[in-house]
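J.: Predicted model, plus sequence, below.
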Amino acid sequence: MKILGISLGRKNGTNDSMCKEALMAAKEMGADVEFILMFDLDIKHCTGCTACTAAVFSGRGNKCVIKDDFEWLVDKMYDADGIVFAVPIFEEGAPGIFHTIMDRFGPRMDKATCMIGEKAKEGSIDPRYIQNQICVSYMAFGGSEWITRVQADCFIQSMTPQWKVIDNRFFDHSLCLLADDEKIAQVHQIGVNLVEACKDPKKAVYQSEPGVCPHCHSREFYFAENGDVVCNQCGIVGEMKIEDGKPIFSFDEEVQIPIAHDVISGKFAHMEDIGKSIGMQMAMKQSEDYKAKMKKYKEFIQPVKPEK
């Protein structure tokens, strides 16, 4: 068994140290461990060129055209049985480098997309992207109580490859965490939980404190004008009530679970929706009205750039 630790914090900071604490726990349980400091890598932003998507659907694999260290990182992730992320909290959520990983993942690393690509041409997709059931745990560390968005950021990252989330925890006021043996022990337990989950991923269950959404444990919701309440993580639509001072989120499981954002049927439903939009876009681009508007915007102004 291999457990990979990925720190998105500064070298030898709290995130580095706590990532290593979780890895120490994994090693004590007999796992092989590896550690990556993200700032050692050259990871560029996704440009949204969609070349990877076109390649997948045409049976040409799913490699990114950007030349940097991301493919190396992906290989390291998919060589592991479990991954633990240590994530610094910036303005209530995960930092930019974390979102860059999310952007570079999708849609080419989406399990549903890979399944379609493999169907288009057998052998075109690395089988690990479809077959591997990787367990993942997230630990987020912030300097204050501004931590409310980070759990959703972490969960959403796991949805694209359909990794199984074992722990998704934040530690607020963590600047002095190294002096808090109780919290260090909690981090250690996250490493233990991850190894136990990797022994049988299909039977593994969520170990952190349950959230309000009974499906994905989210605590973030969108309240629509029509009265619907939408889970910001899994996209399930339901209603919210307060019972005995606690929020209770309920929904029609037969209707909502099959289209949830983190299940394979929900992913296929999303791709069907996107496919319809792409078809409409392609038709639009053939119109004279579209061509005239694009000509107007292109000729109006050019971007300024720093002199080099």
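T.: Looks like it arrived, so ask away.
J.: Now do stretch 47-60: everything it contacts.
T.: Residues external to stretch 47-60 that are found in contact with it (C-beta atoms under 8 Å, 6 or more residues apart in numbering): 61-66, 107-108, 113-114, 116-117, 120-121, 124-125. Glycine gets a C-beta too; all of them are placed from N, C-alpha and C.
J.: Restricting to C-alpha, output that stretch in PDB.
T.: What follows is stretch 47-60, C-alpha atoms only, in PDB (Å, rounded to 0.1, in the frame of the first residue of the first chain):
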ATOM      1  CA  THR A  47      -6.100  27.900 -20.300                       C
ATOM      2  CA  GLY A  48      -9.500  26.300 -21.100                       C
ATOM      3  CA  CYS A  49      -8.300  25.300 -24.600                       C
ATOM      4  CA  THR A  50     -10.400  22.100 -24.500                       C
ATOM      5  CA  ALA A  51      -7.800  20.200 -26.500                       C
ATOM      6  CA  CYS A  52      -7.800  17.400 -23.900                       C
ATOM      7  CA  THR A  53     -11.500  17.000 -24.100                       C
ATOM      8  CA  ALA A  54     -11.400  16.800 -27.900                       C
ATOM      9  CA  ALA A  55      -8.600  14.200 -27.700                       C
ATOM     10  CA  VAL A  56     -10.600  12.000 -25.200                       C
ATOM     11  CA  PHE A  57     -13.800  12.000 -27.300                       C
ATOM     12  CA  SER A  58     -11.900  11.200 -30.400                       C
ATOM     13  CA  GLY A  59     -10.000   8.300 -28.900                       C
ATOM     14  CA  ARG A  60      -6.600  10.000 -28.700                       C
END
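J.: all helices of the stretch 1-150 of the chain, in order?
T.: Taking DSSP state H, counting those that start in this stretch as the criterion, the stretch 1-150 of the chain carries its helices at 14-28, 51-57, 70-79, 96-105, 111-120, 128-131, 150-159.
J.: winner for burial among the ones you listed?
T.: Of the helices of the stretch 1-150 of the chain, the one with the most neighbours on average (mean count of other C-beta atoms under 10 Å) is helix 150-159, at a mean of 24.
J.: and of the helices of the stretch 1-150 of the chain, who's closest to residue 207?
T.: Relative to residue 207, the nearest member of the helices of the stretch 1-150 of the chain by C-beta to C-beta is helix 14-28, separated by 12.6 Å.
J.: so what does that closest one touch, helix or strand wise?
T.: Secondary-structure packing of helix 14-28 (3 or more C-beta pairs under 8 Å, 6 or more residues apart in numbering; DSSP states H and E): strand 2-7, strand 32-37, strand 82-88, strand 135-141, helix 181-199.
J.: Go through those and name the closest to residue 230.
T.: Comparing the helices and strands packed on helix 14-28 against residue 230 with C-beta to C-beta, the closest turns out to be strand 135-141 (22.0 Å).
J.: that older thread, return the member of the contacts of stretch 47-60 nearest to residue 241.
T.: Where the contacts of stretch 47-60 are concerned, and distances follow C-beta to C-beta, residue 241 has its nearest neighbour in residue 107, at 35.6 Å.
J.: Excluding chain neighbours, what is closest to the closest one?
T.: residue 113 (4.9 Å; C-beta to C-beta, 6 or more residues apart in numbering).
J.: quick one, what contacts the one you found?
T.: With contact taken as C-beta under 8 Å, 6+ apart, residue 113 is in contact with 53, 56, 57, 62, 107, 271.
J.: Check residue 34 too.
T.: Going by C-beta under 8 Å, 6+ apart, residue 34 touches 2, 3, 4, 5, 76, 80.
J.: could I get the residues you listed as JSON lines with pLDDT and distance to residue 267?
T.: As requested, the contacts of residue 34 are arranged in JSON lines below (pLDDT from 0 to 100; distance: C-beta to C-beta, whole Å):
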{"residue": "2", "pLDDT": "98", "distance to residue 267": "27"}
{"residue": "3", "pLDDT": "98", "distance to residue 267": "27"}
{"residue": "4", "pLDDT": "98", "distance to residue 267": "24"}
{"residue": "5", "pLDDT": "98", "distance to residue 267": "28"}
{"residue": "76", "pLDDT": "97", "distance to residue 267": "24"}
{"residue": "80", "pLDDT": "97", "distance to residue 267": "22"}
